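Student: compute the structure for the input listed below.
(one chain, ligands or ions: 1)
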Amino acid sequence: MAIAGISLVLILGIVNLALVFFQVSTGKKWLKVNFLWHRRLGVLLLLTAIVHAVLAYLSR
Ligand code: HEM
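Tutor: Alright, predicted model coming up:
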């Protein structure tokens, strides 16, 4: 599956990497945002990581 010729698995992999950077930066309080966003995006990361893994498995 692809969007504008770019694999959805690749896009989600990059989104996941960005979310991991956000989670560690906000968890360690290096990046100061409302902590609610750490909790919300932590759950989003769980979902995007599962979709990434399932699509990668199905497209193997
Ligand atoms: C729903 C998901 C999550 C919840 C509810 C949550 C909640 C928390 C809470 C309550 C803290 C302690 C903050 C404080 O000391 O005041 C924390 C710290 C932290 N979180 Fe999360 N978190 C979530 C997901 C994640 C994810 C997915 C990552 C990394 C990928 C992450 C990385 C961190 C880090 C690195 C710290 C700092 C730990 C430390 O320095 O001791 N969190 N988080």
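
Student: quick one: contacts for residue 20?
Tutor: Counting by CB atoms under 8 Å, 6 or more residues apart in numbering, residue 20 touches residue 45. No exception for glycine: its C-beta is placed from N, CA and C like everyone else's.

Student: what parts of the protein come near the ligand?
Tutor: By the rule CB under 6 Å from any ligand atom, the part of the chain lying against the ligand is 20, 23-24, 27-28, 38-39, 42-43, 45.

Student: 5 Å instead, please
Tutor: By the rule CB under 5 Å from any ligand atom, the part of the chain lying against the ligand is 20, 23-24, 27-28, 39, 42-43, 45.

Student: please identify which pair of those residues lies farthest apart.
Tutor: Farthest-apart pair in these is 28 and 43; separation 18.9 Å (CB to CB).

Student: name the residues of the top helix by length along the chain that are buried.
Tutor: In the chain, assigned by DSSP state H, the helix with the most residues is helix 35-58. Using 16 or more other CB atoms under 10 Å as the test for burial, helix 35-58 gives 38, 41, 44-45, 48-49, 52.

Student: ok, now stretch 12-31?
Tutor: Residues 12-13, 15-16, 19, 22-23, 26 are the ones in stretch 12-31 that count as buried (16+ other CB under 10 Å).

Student: out of the residues you listed, who's nearest residue 34?
Tutor: Looking at the buried residues of stretch 12-31 and their distance to residue 34, the nearest is residue 26, at 9.2 Å (CB to CB).

Student: using the three-state scheme, assign that closest one.
Tutor: Look at residue 26: counting by DSSP: H, G, I helix; E, B strand; the rest coil, its state is helix.

Student: correct me, but it touches residue 40?
Tutor: No. Contact criterion CB atoms under 8 Å: residue 26 and residue 40 do not qualify, at 10.7 Å.

Student: circling back to that earlier point, for the residues of the chain next to the ligand, give me CSV that also has pLDDT.
Tutor: Shown next, in CSV, are the residues of the chain next to the ligand (pLDDT from 0 to 100):
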residue, pLDDT
20, 98
23, 98
24, 98
27, 98
28, 98
39, 98
42, 98
43, 98
45, 98
